[in-house]
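Trainee: Turn this into a model:
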Amino acid sequence: MVLSRIPTRARTRLLTDFAAVGWSGSDVLYALEHHPDGTPHRHTHRVRRPYAWARHRLTLWRRPDGAPAASHWDQLCAELPSPPTRSTPLSRALAITGGTGEEVSAI
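Mentor: Below you'll find the model as predicted:
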């Protein structure tokens, strides 16, 4: 996976603010593969510069003020009268590893 090719510190820097607002690893994977409107990205293989590739794709999921937008999961849950529980948030994975992001290296 592309994120595993990004050095740990850079990966943590890339994902920390998404984790802070409750994004899970699944949310990040979805964002890397889809536009916010749900259409799949094209050219998802043969990534030459993994950090720039991931940063660009995640930038599409930011609000105009630069903060992460609602994740795909949160957008879906907002439409439900009683939202289900989510998987372990990315912030917990980062906290478990002391912010190193080792738990998310397999993403």
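Trainee: My guess is Leu60 contacts His35. True?
Mentor: Yes: at 6.1 Å, Leu60 counts as touching His35 under the criterion of Cβ atoms under 8 Å. For glycine as for every other residue, the C-beta is placed from the backbone atoms N, C-alpha and C.
Trainee: ok, and the residue nearest in space to the middle of the chain, which helix or strand is that part of?
Mentor: With distances taken as Cα atoms, centre = their mean, the residue of the chain nearest its centroid is Val28 (2.2 Å). Element membership for Val28, per DSSP states H and E: helix 25-33.
Trainee: Over the next helix or strand after that helix, what's the mean pLDDT, rounded is fine.
Mentor: Remark: after helix 25-33, the chain's next helix or strand is helix 50-59, criterion DSSP H and E. For helix 50-59, mean pLDDT rounds to 96.
Trainee: And stretch 31-43, by the same measure?
Mentor: Rounded mean pLDDT across stretch 31-43 is 92.
Trainee: For that stretch, list every residue counted as buried.
Mentor: Buried residues in stretch 31-43, counted by 16 or more other Cβ atoms under 10 Å: 31-32, 34.
Trainee: and if you look at stretch 41-59?
Mentor: Buried, per 16+ other Cβ under 10 Å, within stretch 41-59: 50-51, 53-54, 57-58.
Trainee: hmm, which two among these are most spread apart?
Mentor: Pro50 and Leu58 (12.1 Å; Cβ to Cβ).
Trainee: My read is that Val21 contacts Pro68, right?
Mentor: Yes: look at Val21 against Pro68 with Cβ under 8 Å: they come within range, at 5.1 Å.
Trainee: The two: who's more crowded?
Mentor: Set side by side, Val21 and Pro68 show more neighbours around Pro68, with 19 against 16, by other Cβ atoms under 10 Å.
Trainee: For the more buried one, give me the backbone phi and psi.
Mentor: phi -60, psi 140 (degrees, to the nearest 10).
Trainee: Determine the number of other residues adjacent to Asp17.
Mentor: Number of residues near Asp17 (other Cβ under 10 Å) recorded here: 14.
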